[in-house]
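Sequence plus predicted model, see below.
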Amino acid sequence: MDSALIPQGVKRCPFPQFALWIGFLSIFMLWAVVAAGVAWIKGLNTTNLNDYFGFGAWITADLAVIALGGGAFFTGFMRYILGIEDFKHILNFAVIIGFVCYSSALVILGLDVGQPLRSWFIFWHANVHSMLTEVAFCISCYFTVLTIEYIPLVLENRQLDKIPLVHNFSHNLHRIMAVFAATGAFLSFFHQGSLGGTVGVLFGRPFGFREHFAIWPTAFFLFIISAMACGPCFTILVTRITELITRKKLVKQNVIAKLAKVSGWLMVAYLALKMIDTVYWAMVTLPNMGVSVMDMYPESPFTIWILIAELGFCGAIPAIILITEKGRNNNFLLVPATILSCFGAILNRYVMTVQTLALPVLPFDKFVNYIPNWVEWVTSLAPFVYLALLISLSYRYLPVFPQEKELNP
Amino acid sequence: MFPFCFEWHWDLGHMVFHGALWYALSILGIGLTYAAIKSFIDLKKGGHH
Amino acid sequence: MKEEHKEGAHGHKEKYKYGMVIDLDKCTGCGACMVACMTENNVPFRKDESNKLVSTAWMRVFKATNGKSYPDIDVCYFPRPCMHCEGEHGHAPCVSVCPATATDYNYETGIVSQIYTRCFGCRYCMAACPYHARYFNWWDPVWPDKMEKALSPDVSPRMRGVVEKCSFCFHRFQRARDHAYAEGRREIREDEYQTACTQACPADAIIFGDLNNPEHKVYKLKKSPYAFRLLERLGTNPKVYYLSTRSWVRRAGDNYLAGERSK
């Protein structure tokens, strides 16, 4: 039925099966649209956010999807700037993931503000000293870059490619893609860092505050490295899931292994720096503020186990698997490692935002709990369904995986 | 964002921040424009890659 | 009146530095300051105000105890307006983070303002404020029938989705300044600019004035050995001072490590 649109030389499932799958995903997306509509029309009183938890599930989702989408910029950086050719076989896919992650982040940010129609004030009346301004500018610009990177892929659709002007445009974009990728990498390094900076500069919040290095808090640098580490892990994980669903090998193992190795060593570097940062924070920063490190982990769910889970279970374990050749070449170890790594990043973004707000700073203030409601849950989880939707469409109609034909003759 | 906004100051912070921003935006804008114009020229020449 | 012009580190003229001194030994926790503040500043309220996590109180009275049981228990009430932090050279925790320049540190008065029509409700300032002095408008304000006629015409009501906070009754400063100018004066007298909470306090526990002016009461009171500020160690540099002769109260104003000596 849609065979004219499917790339030549590859096999895809029958259209009814595909339509059913898309319909199933669309139901959840529709639910998310309803939830977003409720929040936009009726206001943020429809969420469980409150004056103590001004930031909640949405900000975690925002920071998490941006970290997980870091695979796009970092793979692009390695392919175009460092010239590692192997990564061109997975770059298209990383771009799609990045595109989904960043567009989701922008929508969630739009949900999270009280007056979405005034969002342009952040650009127009920009306060250059605010980390959030830097984040907003860089995310918007980088989303433009991702769109520019995604467009040529869309234009390579069999039918679109037949149009000479479209073909030329796609070809010319490809020719100068390195320039866009370099700009994207520049923007990404900054906004990944600024996201850490948003919390790191809060000198009124001992849990989040970090000492400054030049004009940036240490969290700025840690967020960049953790995004560089977990982004590729998410790309690998989604590749493996796609291969599982399509029952095809789509990317050669050497490419995956190389990406896993880079990710693993970055995780090692991240963990080392994070440990130093945590120790300095616990031994110097916190005592200067009159609080001990155990004051920062007072009760469930914010006990010391959350730190151990982040750095140990979701940090050290996947890092060890990824840096060992046997580990990264064994799917039964590689996939759990990427899951743990991604979960570690999500956990890190969660504690850095929600736990920072959860801990009362005034000695006579009380600890308050917060559980997101359905509006927040549905919209926060929607990016994953949106990802499945866009990957499904792209995989079916666009030449996403250059090695697919070779691997599936 | 622009010098005519009243909160604009000609200080180092504004120059660095907006310098980097407009630099990035210019690259994106020039890049896209180049690709579009080149595609038209290629089409006129009858080129098809 | 003696005029003090201090040059800030950024070259800003600090004409006034308005602040408060609250005597906690006098405060009974009656809440008159909260009521006066709400009335003066058109602070919205809802039919059901039982969920304090979403209810707005620019001036909020916190209750603290010494943690002991009867008969040794002692209670103290902490009235908490916005602290109008100066931070380092006006870099209050909330001011530096606002992405849209919707909150500003006024170097003429030392007052941290909030521009409601500029705020787009990102709540980053709320995350930055350790005092919980900032409130988000979760709903559009709706006042009971005919009550709108009793609203203050000097203070604009705030719409849903923006952050608001204590302004040290800045409209009163503007009114006092206009009045002084009309009389050919360039300076405002101490009694001409007083906040609503100060005037409403039946125990005279709240004193308001220019912290830079030696003729104002707050100037002397802030130098009392019993004076302290909330969370001073964080470097927020607040302009609200508290007084208490009780050492546990002074210790309750900040965080200290076990065994560490307090102020």
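Done, it's in. Numbers count the residues shown, from 1 in each chain, chains lettered A, B, ... in the order given.

Look up the closest residue to whichever residue of chain B sits closest to chain C, ignoring the ones flanking it.
Proximity of chain B to chain C (C-beta to the nearest C-beta) peaks at B:E7, 4.7 Å away. Where C-beta positions appear, they are placed from N, C-alpha and C, glycine not excepted. Excluding the flanking residues, the one nearest B:E7 by C-beta to C-beta, 6 or more residues apart in numbering or on different chains is C:T101, at 4.7 Å.

Same question for A:C342.
A:F234 (5.1 Å).

tell me what the helix or strand where that neighbour lies is packed against?
Assigned by DSSP states H and E, A:F234 falls within helix A:218-246. Where contact means 3 or more C-beta pairs under 8 Å, 6 or more residues apart in numbering or on different chains; DSSP states H and E, helix A:218-246 is packed against helix A:57-68, helix A:70-76, helix A:88-112, helix A:177-200, strand A:212-213, helix A:253-280, helix A:331-350, helix A:374-397.

And the residue nearest to B:E7, how far from B:V16?
17 Å (C-beta to C-beta, to the nearest Å).

Who has more neighbours out of those two?
With neighbours defined as other C-beta atoms under 10 Å in any protein chain shown, C:T101 and B:V16 compare such that C:T101 has more, 24 against 12.

That one - that's part of a strand, no?
No - under DSSP: H, G, I helix; E, B strand; the rest coil, C:T101 sits outside any strand and is assigned coil.

so what's it up against?
C:T101 sits next to A:125-127, B:7, C:115, C:118 when contact means C-beta atoms under 8 Å, 6 or more residues apart in numbering or on different chains.

Which single residue of chain C ends up nearest chain B?
C:T101 (4.7 Å).

pLDDT score for that residue?
Note on C:T101: pLDDT of 92.

residue contacts, the closest residue to chain B within the stretch 1-150 of chain A?
Closest to chain B within the stretch 1-150 of chain A is A:V128: 4.0 Å, counting by C-beta to the nearest C-beta. For A:V128, the contact set (C-beta under 8 Å, 6+ apart) comprises B:13-14, B:16-18.

and it, which of the three is it?
coil.

most packed of the helices and strands packed on helix A:218-246?
Compared across the helices and strands packed on helix A:218-246, helix A:70-76 shows the largest average neighbour count, a mean of 29 (mean count of other C-beta atoms under 10 Å in any protein chain shown).

Quick one: residues in contact with it.
Under C-beta under 8 Å, 6+ apart, the answer for helix A:70-76 is A:87, A:90-91, A:94-95, A:97-99, A:101, A:142, A:146, A:149, A:181, A:184-185, A:187-189, A:192, A:227-228, A:230-235, A:259.

Could you confirm C:A64 falls within a strand?
Yes - assessed by three-state DSSP, C:A64 belongs to a strand.

tally of neighbours for it?
Other residues close to C:A64 by other C-beta under 10 Å number 19.

excluding its backbone neighbours, what's nearest C:Q114?
Going by C-beta to C-beta, 6+ apart, C:Q114 has C:T103 as its nearest residue, at 5.2 Å.

Quick check: the one you found touching C:I111?
No - the criterion here is C-beta atoms under 8 Å, and C:T103 misses it with C:I111 at 10.9 Å.

what about whichever strand or helix holds C:R250, near chain A?
C:R250 is part of helix C:247-252, with elements assigned from DSSP H and E. Yes - using C-beta under 8 Å from any C-beta of the partner chain, we find that helix C:247-252 touches chain A at C:A252.

Near chain C, which residues of chain B are found?
Near chain C, when you scan chain B using C-beta under 8 Å from any C-beta, you find B:E7.

tell me the two of the contacts of A:V128 that are most distant?
Greatest spacing in the contacts of A:V128, by C-beta to C-beta: B:G13 and B:H18 (9.1 Å).

who has more neighbours, these two?
It is B:H18, of B:G13 and B:H18, that has more neighbours when counted by other C-beta under 10 Å, with 18 against 12.

The host helix or strand of the more buried one relative to helix A:177-200, how many degrees between them?
Element membership of B:H18, judged by DSSP H and E, is helix B:12-44. Helix B:12-44 runs at 150 degrees relative to helix A:177-200, counting by axes from the mean of the first three to the mean of the last three C-alpha atoms, to 10 degrees.

in helix B:12-44, what counts as buried?
By 16 or more other C-beta atoms under 10 Å in any protein chain shown, the buried positions in helix B:12-44 come out as B:14, B:17-18, B:20-21, B:24-25, B:27-28, B:31-32, B:35, B:38-39, B:42-43.

Could you report the neighbour count for C:K52?
The burial count for C:K52: 13, using other C-beta under 10 Å.

again, but for C:V43
22.

picking up where we left off before, okay, the angle between the helix holding A:F234 and helix A:374-397?
Using the same axes, to 10 degrees: helix A:218-246 against helix A:374-397 is 60 degrees.

Am I right that C:L231 is in contact with C:Y242?
No - in this structure, C:L231 is not within contact of C:Y242 by C-beta under 8 Å, at 11.3 Å.

In terms of packing, which of these two has more residues around it?
C:Y242 (26 against 22).

so the more buried one is in which element?
strand C:240-243.

tell me the average confidence for that strand?
Rounded mean pLDDT across strand C:240-243 is 97.

Neighbouring strands - and their directions - for that strand?
Note on strand C:240-243: by DSSP bridges, its sheet partners are strand C:18-23 (parallel), strand C:227-229 (antiparallel).
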